[in-house]
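**Q** Sequence first, then the predicted structure:
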Amino acid sequence: MTLRKPPPADDSDAQVMSPIEEPADARAVDRWEWERTVKQRSREAGMPATTQHIGLLIASYTDAQTGGGAYPSVSRLVQVSGRGKDTVHKALRWLRTEGWLRQVSQGSGGARKASEYQLTLPKV
């Protein structure tokens, strides 16, 4: 019996994440304000529970004071959340489109570099 190595994790956010129209009027916030607002407004915003879970995981990777500097790869979010890759991509797309998250820089799977995210709040 021959054991096969699993294929390397694909951290590329580029394939599925772009292009996405992110709201220009979303404002950057610190981690604590973001988490509090998500917990208070997620239902009225129509945020799916899985998306909220992924968003709160991303928040745990940010600098608490700036809400930025989050570099969790898609494969890291899959591993930590227990969700599938497509589910994580769908959650990231929803968070960005609705103004809850801004992608600061694009990752590249080949260079093994994850995208950077900033927590934002949509205009109410």
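**A** Everything's here; your move. Numbering: from 1, shown residues only.
**Q** where does this structure have low pLDDT?
**A** For the chain, the stretches flagged by pLDDT under 70 are 1-18, 108-111, 124.
**Q** Counting by contacts, list what the biggest helix by length in it packs against.
**A** Across the chain, the longest stretch assigned as helix under DSSP state H is helix 85-97. Under the contact criterion of 3 or more Cβ pairs under 8 Å, 6 or more residues apart in numbering; DSSP states H and E, helix 85-97 touches helix 14-17, helix 49-59, helix 74-81, strand 101-105. All C-beta atoms are positioned from the backbone trio N, CA, C, and that covers glycine.
**Q** so which of the ones you listed gets nearest Trp94?
**A** helix 49-59 (5.0 Å; Cβ to Cβ).
**Q** Give me the contacts around the closest one.
**A** 31, 34-35, 38, 42, 47, 67, 70, 72, 77, 80-81, 83, 87-88, 90-92, 94-95, 100-101, 117, 119 (Cβ atoms under 8 Å, 6 or more residues apart in numbering).
**Q** Can you tell me which of those residues are classed as buried?
**A** Buried positions within the contacts of helix 49-59, assessed by neighbour count (16 or more other Cβ atoms under 10 Å), are 31, 34-35, 38, 42, 47, 67, 70, 72, 77, 80-81, 83, 87-88, 90-92, 94-95, 100-101, 117, 119.
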